[in-house]
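Student: turn this into a model:
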Amino acid sequence: MTQTEHKKLRWGILGAARVNERLLPAIVEAPNAQLVAIASRRAGAANATLQKYAPCHMSQVQCYDDMDALINDANVEAVYCPMANNEHAEWALKAINAGKHVLIEKPMALTVADIEAIEQAALKHGVKVMEGFMYRFHPQHARIQEIVASGLIGDVLSARASYSFLMREARMYRVAGSVAQGGGAMWDIGPYAIHSLRWVMGLGVGVNQVQPLEPQSVIAHAKLNAAGADIVTSGVLDFGRDAEGRALFGHFDVSFERSRKSEYEIIGTKGWVKCHAAWVFQNDVPVVSWATEDGKYAEERFAPSNHFNLEIEHFNDCVLNNKPTHLTFADAKANCKAIEAVLASVASQRLVKVD
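Tutor: Next up, the predicted model:
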């Protein structure tokens, strides 16, 4: 038993973003965490958020109307950053420079240069930092990895990822700014599509493959609104060729005009495997299906599991017991680099190499 096993990581939340509906309870419920502060620049918003999602903890959590006050709170050891995409780098750096560990809602930042600055600051101050892709902590994805590694679907040659939800009035702030400002579908739900494609294409490299496969180029098209935010973006990532010279492609589609969907499918030489919902609520029963060329078909169902809770518990464990985070800076930089290439392709209407 380690010395820190019974310790709880003390958390502060920067902002009253909608994702707190899922993340705030995850911190409160984690056995190795304690929520001690929440801040928002909107007067009363922090208090209202706490009242809405964790009313039983009103007397235990400090509510600030000033986000710098939370950064400077010595009682806060770790900070969750769920604010606007173009603010992630600024506030993550403030928290890191104050000696806080940081979980940054995806995307970590809008440029690779900003992620590199965050990485250097984290190394300098000796803190843990991770990009918040909660979906990867759900057990269904480990099962998909097992299926691919078993050889059931043969050699992986392509994959597709489709993420969407119908934009409602309350969410219009997501498309109020241009893609350069972090607005639009590609910076909002696109990170999931690119991240899942890079991961699943990497599974096809071999049973011992633990790193994503990185795309070499991309061609993409989008529908932009008057503000310059993409409402729909679709494209193809070229992952090069395998050892036998076969093409490796990843198809992605993200949209604010369509019903809720968060699925990816991996297609091999002998069959396919599909994740029907990467975004799952805690009481959902996730389904993974697969089929083979010889006629076999199965649907596997999983016990309900809260991937936000699992993400928080993982990050707590990494901090308290000095373990490496499952999601790395290298992964965050590669995902950002691919998204930058997608948006460059949209702007130029040309094939763009992922440098």
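Student: please enumerate the helices of the chain.
Tutor: According to DSSP state H, the chain carries its helices in the segments 20-29, 45-53, 67-71, 88-97, 112-125, 139-149, 185-188, 190-203, 307-320, 329-348.
Student: out of these, which comes closest to Ala161?
Tutor: Nearest of those to Ala161, taken as C-beta to C-beta: helix 190-203 at 4.2 Å. (C-beta placed from N, C-alpha, C; glycine too.)
Student: quick one on the thing from earlier: could you dump the helices of the chain into TSV and include mean pLDDT?
Tutor: Written out in TSV, the entries for the helices of the chain read as follows (pLDDT from 0 to 100):
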stretch	mean pLDDT
helix 20-29	92
helix 45-53	91
helix 67-71	97
helix 88-97	98
helix 112-125	98
helix 139-149	96
helix 185-188	98
helix 190-203	96
helix 307-320	97
helix 329-348	98
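Student: make a markdown table out of those and add distance to Asn283 and mean neighbour count.
Tutor: As requested, the helices of the chain are arranged in a markdown table below (distance: least, C-beta to C-beta, whole Å; neighbours: other C-beta atoms under 10 Å):
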| stretch | distance to Asn283 | mean neighbour count |
| --- | --- | --- |
| helix 20-29 | 13 | 21 |
| helix 45-53 | 17 | 18 |
| helix 67-71 | 32 | 20 |
| helix 88-97 | 30 | 22 |
| helix 112-125 | 35 | 17 |
| helix 139-149 | 15 | 17 |
| helix 185-188 | 25 | 26 |
| helix 190-203 | 21 | 26 |
| helix 307-320 | 13 | 22 |
| helix 329-348 | 29 | 21 |
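Student: redo those helices as JSON lines? Include distance to Ala247.
Tutor: Formatted as JSON lines, the helices of the chain follow (distance: least, C-beta to C-beta, whole Å):
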{"stretch": "helix 20-29", "distance to Ala247": "38"}
{"stretch": "helix 45-53", "distance to Ala247": "47"}
{"stretch": "helix 67-71", "distance to Ala247": "48"}
{"stretch": "helix 88-97", "distance to Ala247": "35"}
{"stretch": "helix 112-125", "distance to Ala247": "27"}
{"stretch": "helix 139-149", "distance to Ala247": "18"}
{"stretch": "helix 185-188", "distance to Ala247": "24"}
{"stretch": "helix 190-203", "distance to Ala247": "12"}
{"stretch": "helix 307-320", "distance to Ala247": "32"}
{"stretch": "helix 329-348", "distance to Ala247": "18"}
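Student: the residue nearest the centre of the chain: what's it in contact with?
Tutor: If you average the C-alpha coordinates of the chain and look for the closest C-alpha using C-alpha atoms, centre = their mean, you land on Phe133, 2.4 Å from that point. Taking C-beta atoms under 8 Å, 6 or more residues apart in numbering as the definition of contact, the neighbours of Phe133 are Lys106, Pro191, Tyr192, His195, Glu311, Leu327.
Student: thinking again about what came up before, the helices of the chain: which one's closest to Phe249?
Tutor: Counting by C-beta to C-beta, Phe249 lies closest to helix 190-203 out of these; the figure is 8.8 Å.
Student: so for stretch 152-166, what's the average pLDDT?
Tutor: Predicted confidence along stretch 152-166 averages 97 (mean pLDDT).
Student: before we move on, what about stretch 261-278?
Tutor: Stretch 261-278 carries an average pLDDT of 98.
Student: then it to PDB, C-alphas only?
Tutor: Presented in PDB, the C-alpha positions along stretch 261-278 are these (Å, rounded to 0.1, in the frame of the first residue of the first chain):
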ATOM      1  CA  LYS A 261     -24.100   9.800 -33.200                       C
ATOM      2  CA  SER A 262     -20.700   8.800 -31.900                       C
ATOM      3  CA  GLU A 263     -19.600   5.600 -33.700                       C
ATOM      4  CA  TYR A 264     -16.500   4.200 -35.300                       C
ATOM      5  CA  GLU A 265     -16.000   1.100 -37.300                       C
ATOM      6  CA  ILE A 266     -12.800  -0.800 -38.200                       C
ATOM      7  CA  ILE A 267     -12.700  -2.800 -41.400                       C
ATOM      8  CA  GLY A 268     -10.200  -5.600 -42.000                       C
ATOM      9  CA  THR A 269      -9.500  -8.300 -44.500                       C
ATOM     10  CA  LYS A 270     -11.600 -10.900 -42.700                       C
ATOM     11  CA  GLY A 271     -14.400  -8.800 -41.100                       C
ATOM     12  CA  TRP A 272     -15.200  -5.700 -39.200                       C
ATOM     13  CA  VAL A 273     -15.900  -4.500 -35.600                       C
ATOM     14  CA  LYS A 274     -18.000  -1.500 -34.600                       C
ATOM     15  CA  CYS A 275     -18.400   0.700 -31.600                       C
ATOM     16  CA  HIS A 276     -22.000   1.900 -31.700                       C
ATOM     17  CA  ALA A 277     -21.700   4.700 -29.200                       C
ATOM     18  CA  ALA A 278     -18.500   6.300 -27.900                       C
END
